[in-house]
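**Student:** let me see the structure of the following:
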Amino acid sequence: VQLQESGPGLVKPSQTLSLTCTVSGASITTNYYYWSWIRQAPGKGLEWMGAIGYSGSTNYSPSLKSRTSISRDTSKNQFTLQLSSVTPEDTAVYYCARGRDTFGRSWKLYDYRGQGTQVTVSS
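**Tutor:** Now for the predicted structure:
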């Protein structure tokens, strides 16, 4: 199973950050798996942002819920993160990851993850 994040590396403040995770070797509709977005800002720990489940249901971190949307394209086996109204505090490495019946802020919860993509918010 491989996950690959893609998207712009630089986003201007107040804009919407959009990242896509392309999955190969497994279907994002396979029962019991949740597909998460996690980020790590410089000098900080992991922050779980949200997840989309095998049925298409979504869960979001309460602290980011108002700005976060996760969707999927099953025909392309991809899922997408949108984070609106970004600020420099959203600068981080963004990861996508797979967990069986679980999601959260520890890598122990995931069996596969992407290599991460750096996103910088700056004018």
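**Student:** centroid-nearest residue for this protein?
**Tutor:** residue 37 (2.1 Å; C-alpha atoms, centre = their mean).
**Student:** okay, and it sits in which element?
**Tutor:** Per DSSP states H and E: residue 37 is located in strand 33-40.
**Student:** return the list of strands paired to that strand, each annotated with direction.
**Tutor:** Taking DSSP bridges as the criterion, strand 33-40 sits next to strand 46-53 (antiparallel), strand 92-100 (antiparallel) in its sheet.
**Student:** so which of these gets nearest residue 83?
**Tutor:** strand 46-53 (7.6 Å; C-beta to C-beta). To be clear about C-beta, it is placed using only N, CA and C from the backbone, and glycine gets the same treatment.
**Student:** ok so, going back, quick check: which of the strands paired with strand 33-40 is nearest to residue 13?
**Tutor:** Residue 13 sits nearest to strand 92-100 of all the strands paired with strand 33-40, at 14.5 Å, using C-beta to C-beta.
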